[in-house]
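Student: sequence plus predicted model, see below.
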Amino acid sequence: MRDRIDKLLKEQRQRDREIETLKSRLLSAQSEDLLSGVKEIQGARVLVREVQADSPKDLRDFADRIREKLDSGIVVLGARKDDKAMLLCMVTKDLVSRFKAARSSAAFQRCWG
């Protein structure tokens, strides 16, 4: 019985890893598509989009991938899950002195209501 439980747990962990890998591939492909929507505002490249994300972690992973490909800029992503809004703002290191993510995020939240 114990061996059977261990086997099932091992299979479950393997499936979880496969799901994470597939999510990562999907996010990578979607982030490429989103980069075409980058706009320049006050000398900074800015991307503002609503995306599909199941959790704040997924939204953060998505924004990280976009930020890596953007090199320099601001990424603002929003998502809906179970009638709740998730909002994330990331600023690349070179722009942190000009734009604070927390301030930018607060301004976007006021707009979202």
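Tutor: Perfect, I can see it now.
Student: list the contacts for the spatially closest residue to residue 95 that is not a sequence neighbour?
Tutor: Once flanking residues are discounted, residue 95 sits nearest to residue 44: 5.7 Å by C-beta to C-beta, 6 or more residues apart in numbering. C-beta coordinates here come from the backbone N, C-alpha and C atoms, glycine included. Residues near residue 44 by C-beta atoms under 8 Å, 6 or more residues apart in numbering: 72-74, 95, 98-99.
Student: among those, which ones are buried?
Tutor: Neighbour-count burial (16 or more other C-beta atoms under 10 Å) applied to the contacts of residue 44 gives 73-74, 95, 99.
Student: pLDDT and secondary structure for these - can I get that in TSV?
Tutor: Listed next are these as TSV, based on pLDDT from 0 to 100; DSSP: H, G, I helix; E, B strand; the rest coil:
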residue	pLDDT	secondary structure
73	89	coil
74	88	strand
95	85	helix
99	75	coil
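Student: spatially, which two of the residues you listed are the most separated?
Tutor: Within these, two members stand farthest from each other by C-beta to C-beta: 73 and 99, at 9.5 Å.
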